[in-house]
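>>> sequence unknown, structure follows:
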């Protein structure tokens, strides 16, 4: 049984707000979309059967990132006490930092696969160390994970390359794409999936359009080919305000189903 939680938080977005609207748009595709509730493995992804939806986290003061992060961490700790993998629907990518702060308590030897167009390794992005451009700098400097693999990158700056070297990150850029990294992944594994890892042609509903990304099929194949146990995941940075005919919402729902199936061993 997978625990599903919505984290409608986008106060650390550097360009456009909107990802806070994402959790319910993704959920609604089960009723409003054109797909059925089965994964490609043949598993029926039904609430109460293979996952339990715990609704959305509510925030007293979303403008205070420290307080918001404490709220996220506290909720994640309670969910992890149930002993089930957790799938979080964001929200901007800054939420991954407090999520992994909670995960560290249960999985001190956690490995992370980040699927993303961007490294999110800025030490301090325009004066905000909690920016959605910085979560993995906070995660790595805090020693929360044993390894980080970043795949799908296509906007790596000089500063980010320095950070990749500093933290010993395995980085796979799209200009030199290979899926060999899948076979080197270790468990227990956490997947942080930024929707903008996909080319904008497949996912127009993101704040930062970055051409040259993965196709939906390529992304699904990565998920399907992972052999190690997946103990948690997040889907972040879907922005309904930029979507076209719920195209990206349907992608998000598809990814939600496939990740739930995978975490249940299907």
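Thanks, I have the structure now. Just so you know, these numbers come straight off a predicted model, no measurement behind them.
>>> any idea what residue 111 is bridged to?
residue 147, residue 189 (DSSP bridges).
>>> which ones are touching it?
Listed by C-beta atoms under 8 Å, 6 or more residues apart in numbering, the contact partners of residue 111 are 145, 146, 147, 148, 149, 185, 186, 187, 188, 189, 190, 228. For every residue, glycine as well, the C-beta is placed using N, CA and C.
>>> neighbours around the third one, how many?
Neighbour count of residue 147, defined by other C-beta atoms under 10 Å: 17.
>>> hmm, it is touching residue 167, no?
No - applying C-beta atoms under 8 Å as the test, residue 147 and residue 167 come out as separate, 9.8 Å apart.
>>> from the contacts of residue 111, which is closest to residue 4?
Nearest to residue 4 among the contacts of residue 111 is residue 190, at 15.4 Å by C-beta to C-beta.
>>> now the buried members of the contacts of residue 111.
By neighbour count, with 16 or more other C-beta atoms under 10 Å, the contacts of residue 111 hold 145, 147, 148, 149, 185, 188, 189, 190 as buried.
>>> closest to residue 57 out of the residues you listed?
Here the nearest of the buried ones among the contacts of residue 111 to residue 57, counting by C-beta to C-beta, is residue 190; it sits at 18.2 Å.
>>> dump the residue contacts of the closest one.
Residue 190 neighbours (C-beta under 8 Å, 6+ apart): 100, 103, 107, 110, 111, 112, 113, 145, 230, 231, 232, 233.
>>> surely the fourth one touches residue 104?
Yes - counting by C-beta under 8 Å, residue 110 touches residue 104, with 6.9 Å between them.
>>> quick one, which of the two is more surrounded?
Taking neighbours as other C-beta under 10 Å, residue 110 and residue 104 compare with residue 110 leading, 21 against 17.
>>> leaving out chain neighbours, which residue sits closest to the more buried one?
The shortest distance from residue 110 to any non-neighbouring residue, by C-beta to C-beta, 6 or more residues apart in numbering, is to residue 145 (5.1 Å).
>>> okay, now residue 175: neighbour count?
8.
>>> and the pLDDT for it?
Residue 175 is assigned a pLDDT of 97 by the prediction.
>>> how close does it sit to residue 153?
Counting by C-beta to C-beta, to the nearest Å, the gap from residue 175 to residue 153 is 9 Å.
>>> try residue 103
The value you get for residue 103 to residue 153, if C-beta to C-beta is used, is 23 Å.
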